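J.: Sharing a model prediction with you, sequence too.
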Amino acid sequence: MNVKPLADRVIVKPLEAAEVKKGSIIIPDTAKEKPQQGEVIAVGPGKVDEKGARQAMEVKVGDKVLYGKYSGTEVTIDGDEYLIMRESDILAVI
């Protein structure tokens, strides 16, 4: 991938949720919930504070993370779906 996030932004590849069927009910793709787990693909250099010092990022490439349901901006890069979000939108590292 040839995209580098700026400041405190990260690029996350959403992990596909495991499909669970109960009985013979088929849930269409449009009714399925969006995944809330992903893998960090790229990390920005960090945010600059008011004194001009750069704050280090807490997540790193390869981390599996949990994020809010409506966090980030969906983008398509080289045919793959990604989310670009601020580090503060990440709730936890798994």
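T.: Structure received. Numbering: from 1, shown residues only.
J.: CA only for contacts and neighbour counts going forward, please
T.: Fine.
J.: Endpoint to endpoint, stretch 9-25 covers what distance?
T.: Length of stretch 9-25, first residue to last, C-alpha to C-alpha, to the nearest Å: 39 Å.
J.: whoops, I mixed them up, stretch 59-67
T.: So stretch 59-67: terminal residues 12 Å apart, C-alpha to C-alpha.
J.: Buried residues of that stretch, list them for me.
T.: Using 16 or more other C-alpha atoms under 10 Å as the test for burial, stretch 59-67 gives 59, 64-67.
J.: Among these, which one sits closest to Asp49?
T.: Val59 (17.9 Å; C-alpha to C-alpha).
J.: for Tyr70, phi and psi?
T.: phi -110, psi 30 (degrees, to the nearest 10).
J.: count of neighbours near it?
T.: 11 (other C-alpha atoms under 10 Å).
J.: How is the residue positioned nearest the centre of the chain assigned, secondary-structure-wise?
T.: When the chain is reduced to its mean C-alpha position, the nearest residue by C-alpha atoms, centre = their mean turns out to be Val12, at 3.1 Å. When classified by DSSP: H, G, I helix; E, B strand; the rest coil, Val12 comes out as strand.
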